[in-house]
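1. Fold the following.
(one chain, ligands or ions: 2)
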Amino acid sequence: MPAFDIIVVGSGGGLDETNLSGYLLKPGDAEWTDGIIALEAGSGHGALRSILKASPGIFGEQPQTDPPGPCMTNPFQIYSLVRCFLITHAHIDHIASLVVSAGTIGGGSKRIYASPQTLKDLETVFADRVWPNLATWDESNPLFRLVYHSIHADRKYKVIFPNVSVRNMPVSHGKNESGPYESTAFFIRHEPSEHEFIFFGDVEPDSVASKPRNIDIWRAAAPKIPHNLSAIFIECSYPKGRPSDVLYGHFSPEHLVNELVALATEVVIARRTPKGSGRSRPRKKQKNNDPVPADELRGVLDGLRVYIMHCKEHFNTDVPIAHYIRDQVRELLEPHGLGVELLSADQGSKIGKPSSTALPRPSSSAVFPIFPSSSMHSGSFLS
Ligand SMILES: [Zn+2]
Ligand SMILES: [Zn+2]
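-> Residues are numbered from 1 along each chain as shown. Ligands and ions are numbered 1, 2, ... in the order given. Predicted structure coming up:
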């Protein structure tokens, strides 16, 4: 049983406002009608409407209940099922649909989970100038349906949904006038199975960041790969060859490959370290940091799937930009032989358990010719 099902409402990171970061998530052993986690909220209702036109069965069969339940081909009714939002940072391409739908979204009250700083930033949007104030910190205020709720970077997993808990780890995402800008990587865990995956907000390479923090994430992930942690969603905004001084807090293929080598190195180190030695605690100075020979890294990431996302569209490539960049990363990864499977998180795809009612492959290209339906995965991607 896969731990989670994910529908990719939007996965771009560029100027295409119809394809911005937005994912709908549920535990694999629950129904969509039991409730949904909205992971990021760049694109929302509008993008989902286009997806449902192309793939009316993507949420599975319409449940036959009396009285009738929500219509699973209607974006408004699907978003009514959202119980909470989980937001990595407050850049507009990650919050736009949360903001524009705040006054009219259906269903009961919804928590917005994010780091304290991200919520502070969101407050500046919901401040009666850019947009009306439609969110509150006061859980008991019946006038508001959106409620801020902090997830601190305290190493703990916090329950945000039945059977789902989340750990927040800060990552660097460029800098602004006041210093380094922080985004978040979430470890999202299905409690009954203890399976988890990592979802990165926008992030920059450790070799570029003034405050390198990806290494902490690789160290936290390494002992769990691949049995308890078999999927990572991470950005790769730009294609190959972009100079590091104009990455503006993002990844390019060369840097992503270096980071995956760093992850593989940590996995080797974790496997060398006897269990129960306390090695999972953060290391001030790593003693065991002799470089791991390239040969020893071969196959180390077998069983791990890495989904790239947030590729910046510029409408100049023959293939979708996400596939263009994915292929570049694959080519650069190949000589390392790490064993990792590199995929793109394509808009309109469903990642998770196979659904007998999802549209057959050719049909989703009707509305999304740019995202060929070969991306309609049907394996246990997050198991
Ligand atoms: Zn972004
Ligand atoms: Zn950003």
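2. so the closest residue in space to Ala220 that isn't next to it in sequence is in which element?
-> Of all residues not flanking Ala220 in the chain, Met169 sits nearest, at 6.8 Å (Cβ to Cβ, 6 or more residues apart in numbering). Using the backbone N, CA and C atoms, a C-beta is placed for each residue, glycine as well. For Met169, the host element (DSSP states H and E) is strand 164-176.
3. Who are the packing partners of the helix or strand following that strand?
-> With elements assigned by DSSP H and E, the helix or strand that comes after strand 164-176 is strand 179-190. Judged by 3 or more Cβ pairs under 8 Å, 6 or more residues apart in numbering; DSSP states H and E, the packing partners of strand 179-190 are strand 164-176, strand 195-200, helix 214-221.
4. Select, out of the ones you listed, the one closest to ligand 2.
-> Set against ligand 2 and scored by Cβ to the ion, the helices and strands packed on strand 179-190 come closest in strand 164-176, at 5.5 Å.
5. That closest one and ligand 1 in contact?
-> No - using Cβ under 5 Å from the ion, strand 164-176 stays clear of ligand 1, with a minimum separation of 8.3 Å.
6. now stretch 304-318
-> No - on the criterion Cβ under 5 Å from the ion, stretch 304-318 is out of touch with ligand 1, staying 5.7 Å away.
7. Show me which residues of that stretch are buried.
-> Leu304, Arg305, Val306, Tyr307, Ile308, Met309, His310, Cys311, Lys312, Glu313 (16 or more other Cβ atoms under 10 Å).
8. Now do the same for the third one: helix, strand or coil?
-> Remark: Val306 carries the secondary structure label strand [criterion: DSSP: H, G, I helix; E, B strand; the rest coil].
9. so it touches Glu259, yeah?
-> No - using Cβ atoms under 8 Å, Val306 makes no contact with Glu259, being 9.9 Å away.
10. any idea how far whichever residue of the stretch 51-200 of the chain sits closest to ligand 2 lies from Ser21?
-> Nearest residue of the stretch 51-200 of the chain to ligand 2, counting by Cβ to the ion: His91, 3.5 Å away. Going from His91 to Ser21 by Cβ to Cβ, to the nearest Å gives 9 Å.
11. related to what we said a few turns ago, list residues touching both of Val306 and Glu259?
-> Residues touching both Val306 and Glu259 (Cβ atoms under 8 Å, 6 or more residues apart in numbering): Ile234.
12. so where's the protein shaky on pLDDT?
-> Residue ranges of the chain with pLDDT under 70: 1, 276-290, 353-383.
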